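Q: got a sequence here, can you model it:
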Amino acid sequence: MGGGKADLSDSISAVYAFYAGLDRRDYDLVLDVIAPNAVWERHDGRFEGRAAISAVLDGRPANVLTAHMVFNPTVEMHDEKSAVVRFSLFVLAGDTNESPPTGKAHQVRQCEDRVSLIDGRWLITHRSSSLSFNIEG
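A: Down below sits the predicted model:
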């Protein structure tokens, strides 16, 4: 995630890194791509700052596997140091207690991440989403 002039690939890279870390349970990576005072608005509340977001991550059930697929991303640049990334998110979820674990389609969400160039790195400053639909089966 380079510094300098903002472009599509740089500003969206924090979004991809967030989900890569989330799905691998690499919470250090997740926390590395969010701003210290970031806000994450979720279905279960509003969480502000890395400590609060870290607590949410640590509270994820150990047996739950996820795969988050970002698609149809667009970036609206506000200036050279801030942008809004909008995208659709397809979520698969599975259970490690099953052998072998079987992922099932879970949800499609419409997401908006605000990102800012801070100390030469693109960081997520605000995350929100709305449910498009739940998927059964």
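Q: mind telling me what element the residue of the chain positioned farthest from its centre is part of?
A: Relative to the C-alpha centroid of the chain, counting by C-alpha atoms, centre = their mean, residue 99 is the outermost residue, at 27.8 Å. Of the helices and strands defined by DSSP states H and E, none includes residue 99.
Q: and the least confident helix or strand in the chain by mean pLDDT, how far out from the chain's middle?
A: Every helix and strand of the chain was ranked by mean pLDDT, DSSP states H and E. The lowest is helix 8-24, at a mean of 91. Relative to its chain's centre, helix 8-24 lies at 7 Å (C-alpha atoms, centre = their mean, to the nearest Å).
Q: what residues does that helix touch?
A: The contact list for helix 8-24 (C-beta atoms under 8 Å, 6 or more residues apart in numbering) reads 1-2, 26-30, 32-34, 57, 65-68, 70, 73, 75, 77, 83, 85, 87, 113, 115, 122-124. Backbone N, C-alpha and C define where each C-beta goes, glycine included.
Q: check stretch 29-39 too.
A: Contact with stretch 29-39 is made by 1, 14, 17-18, 20-22, 40, 46-50, 53-54, 57, 116, 118, 122-127, as judged by C-beta under 8 Å, 6+ apart.
Q: and that stretch, what's buried?
A: Going by neighbour count (16 or more other C-beta atoms under 10 Å), the buried part of stretch 29-39 is 30-35, 38-39.
Q: ok, of these, which one's closest to residue 95?
A: Taking C-beta to C-beta as the measure, residue 95 sits nearest to residue 30 out of the buried residues of stretch 29-39, at 21.3 Å.
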